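Q: Requesting a structural model of the entry that follows:
(one chain, ligands or ions: 1)
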Amino acid sequence: MATFYVIGTPIGNLEDITLRALRILGEVDLILCEDTRVTRKLLDRHNIKTKCESYHAHTTDSKMEKILDMIGGVGEDGAKDGAHVPKNIALVSDAGTPGISDPGSHLVGLIRARFADEIARGEIKIESVPGPSAVTAALSIAGIECSQFTFLGFLPHKKGRETLFKEITAMTSGAEKSATARPALFYESPHRIMKTLESLAGHLQPEQKIVIVRELTKIYEEVVRGTPAEVSVFFEKNAEKIRGEFVVIIEVVA
Ligand code: SAM
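A: The predicted model follows:
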C-alpha cells in the first residue's frame, strides 16, 4: 500500500508543525517540496534527513508522470514495485497548506484520477496532515464574526481586478437585509498593498472597515483595523511596516 500525505507546514514560526507531520516527514521515502531549500531549513531544524525533490507550478508533464509512477509503485524500468521504489510520499509547500494559493491541488487531482480504482480498493491512500494556513490564522485573531467567509486567494493583477473589487463590495454589504453577506479575505504582497488599499477606499462603503493581518507567527506579527483610508495613513506613517506577508480582510457592513 502507498500513501500520499499532504502536509501543512509553518507559515513563519518553525515550531508550528504537528507531531504527526514531523513523524511522517521522517518516515516517508520522499518529500515533494515547492522549494527544497525552504523545506530543508524546516527539516534541519527538526533533524529530519528524508530525501527531497522539487514539485511546483512549473513542474513538467514528464516529471509529473514520474511522480505518478512512483506512487503507483512503478520503477524507472517500468517494472512493478521494486523494493527501491519510493511508495510513501509527502507533499509540502513553502509555507502553510499545499493547495491553498500554492501548488498541490493539481497533483492531488491527477493522483485521484489516475488511481481511482486503487484508491477505491484501499491500495493507495491520500491523507491530509493538517497544519497552519494564513487564512485561518488571520481570521482567528481578527476579532470579527467569521463563521462564514469568502476566501479569494490572490487578486488578479490586471484583468478582472476592478470587477472583483465591485464583487467584494457587493458580497460584504447589506448585512441587515441579506443572509449571504459575509467577510471576504485575500492574500496580498507588500508591493501591491498600498495600491490595493487605494482601490478598496474607492469601492467600499464609506464607513466599512478592513483588517490587515501581517507577519503571522513571526516577530513583527501585527493587526491593523480601520477604513481603507485610515489603514493607508497608518502605513504611510509607518513605511517600514510595508513589508512581509499580508492578509486583507473586508468586514461586513449594514
Ligand atoms: N499555502 C499558504 C497558506 O496555507 O496560507 C499560502 C501560500 S501563498 C503563496 C503566500 C501568501 O500567503 C502570502 O503572500 C501572504 O499573503 C499569505 N501568508 C503566508 N504566510 C503568511 C504570514 N506569516 N502572515 C501573513 N500572511 C501570510
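Q: tell me the contacts of the most centrally placed residue in the chain?
A: Computing the C-alpha centroid of the chain and ranking residues by C-alpha atoms, centre = their mean puts Ile100 first, at 3.2 Å. Residues near Ile100 by C-beta atoms under 8 Å, 6 or more residues apart in numbering: Ser133, Ala134, Val135, Gly153. C-betas here are computed from N, CA, C, even on glycine.
Q: can you narrow those to ones near the ligand?
A: By C-beta under 6 Å from any ligand atom, the members of the contacts of Ile100 lying near the ligand are Ser133, Ala134, Val135.
Q: what's the burial count for the nearest residue to the last one once chain neighbours are set aside?
A: Just to be clear, that refers to Val135. Leaving out its chain neighbours, the residue that sits closest to Val135 by C-beta to C-beta, 6 or more residues apart in numbering is Phe151, at 5.4 Å. Phe151 has 16 neighbours, counted by other C-beta atoms under 10 Å.
Q: Wasn't Phe151 part of a strand?
A: Yes: Phe151: assigned to a strand according to DSSP: H, G, I helix; E, B strand; the rest coil.
Q: so what's it up against?
A: Phe151 makes contacts with Val135, Ala184, Leu185, Phe186, as judged by C-beta under 8 Å, 6+ apart.
Q: Of those - the most surrounded one?
A: Neighbour counts for those (other C-beta under 10 Å) peak at Leu185, which has 25 neighbours.
Q: Give the bridge partners for it, please.
A: Phe151, Ile249 (DSSP bridges).
Q: who's in contact with it?
A: Val135, Ala138, Leu139, Phe149, Thr150, Phe151, Leu152, Val247, Val248, Ile249, Ile250.
Q: can you rerun that using 7 Å?
A: Neighbour list for Leu185: Val135, Ala138, Phe149, Phe151, Leu152, Val247, Val248, Ile249, Ile250 [criterion: C-beta atoms under 7 Å, 6 or more residues apart in numbering].
Q: Tell me how far it lies from Gly122.
A: Distance, Leu185 to Gly122, by C-beta to C-beta, to the nearest Å: 37 Å.
Q: what are the ranges of the helices in the stretch 1-150 of the chain?
A: For the stretch 1-150 of the chain, helices defined by DSSP state H, counting those that start in this stretch occupy the ranges 19-27, 36-45, 61-72, 105-114, 116-120, 134-142.
Q: Out of these, which is the most enclosed?
A: Across these, averaging neighbours per residue (mean count of other C-beta atoms under 10 Å) puts helix 134-142 on top, at a mean of 18.
Q: Give the rounded mean pLDDT of it.
A: Mean per-residue pLDDT for helix 134-142: 98.
Q: now do stretch 233-242
A: Across stretch 233-242, pLDDT averages out at 97.
Q: cool, stretch 99-119 as well?
A: Here the average pLDDT along stretch 99-119 is 95.
Q: Would you pull up the residue in the chain closest to the ligand?
A: Residue of the chain nearest the ligand, by C-beta to the nearest ligand atom: Gly96 (2.5 Å).
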